[in-house]
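In: Fold the following and give me the result.
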Amino acid sequence: MVLAEAFMKRNDLKKQITALTQAASQNLWQDQALPINFDKGIKVNPKVAYKQAVDMMAQLLRLNIAIANANTVNNETLRNLETTIAQLSLVEQVLQAAGNYPGDKIRERNYGDDAVRFIENSWLINPQELQTTLKNLQEHKRALEKTLAHNNFITEVIFE
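Out: Alright, predicted model coming up:
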């Protein structure tokens, strides 16, 4: 199985474990005069659900280890993607703050003073350069995601 299939199998196991965990904590006792038929699928025997949940948890553990071992191929790409996402967030935050730029010249008037004072502003970080950086980072992120997707369909996971 390849990484993409292993990820889907892991998600399926997690869903099944959640359902079995709920079933294991329901119907823990019953009135002996009113037997519950667990075989018809209406209710799950908590003893069976508990055993199946424990077995699936062990299977999930083995699968997670197999995924981690196989996914070493993607370690460098994943770390690169994490850093790229952090850089994107920084650039977007600075650009958002740059949207509040008041302008090159601001007229300031203090009440009680007849004199009008002008404040001249200048950029300390060039937003146009950041726009270019943003575009480059977005393209780099897409390329990394394509690489990961490709690797997920060719990297074999050894799982028994």
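
In: quick one: low-confidence ranges for the chain?
Out: Applying pLDDT under 70 to the chain flags residues 27, 30-43, 107, 109, 111-114.

In: In it, what residue spans correspond to strands?
Out: Using DSSP state E, the strands of the chain run over 105-109, 116-120.

In: How far off centre is the last one?
Out: In terms of CA atoms, centre = their mean, to the nearest Å, the centre of strand 116-120 is set 48 Å apart from its chain centre.

In: Show me what the longest helix along the chain packs onto, helices and strands only.
Out: The residue-count maximum for a helix in the chain (DSSP state H) belongs to helix 127-154. Identification of packing neighbours for helix 127-154 by 3 or more CB pairs under 8 Å, 6 or more residues apart in numbering; DSSP states H and E yields helix 3-24, helix 75-98. (Each C-beta comes from the backbone N, C-alpha and C, glycine too.)

In: of all the ones you listed, which lies closest to residue 51?
Out: helix 3-24 (8.7 Å; CB to CB).

In: what sits against the nearest residue to residue 73 once chain neighbours are set aside?
Out: Sequence neighbours aside, residue 155 is the residue nearest to residue 73 in space, at 5.2 Å (criterion: CB to CB, 6 or more residues apart in numbering). Contacts here follow CB atoms under 8 Å, 6 or more residues apart in numbering; on that basis residue 155 touches 2, 3, 70, 71, 73, 74.

In: Quick check: phi and psi at residue 155.
Out: Torsion angles at residue 155 (phi, psi; degrees, to the nearest 10) stand at phi -80, psi 120.

In: Residue 70 versus that one, what's the distance?
Out: 5 Å (CB to CB, to the nearest Å).

In: shared neighbours, those two?
Out: residue 3.

In: The spatially closest residue to residue 62 that is not a sequence neighbour: how many residues sit nearby?
Out: Closest residue in space to residue 62, ignoring its immediate chain neighbours: residue 159 at 6.7 Å, by CB to CB, 6+ apart. Residue 159: 17 surrounding residues under other CB atoms under 10 Å.
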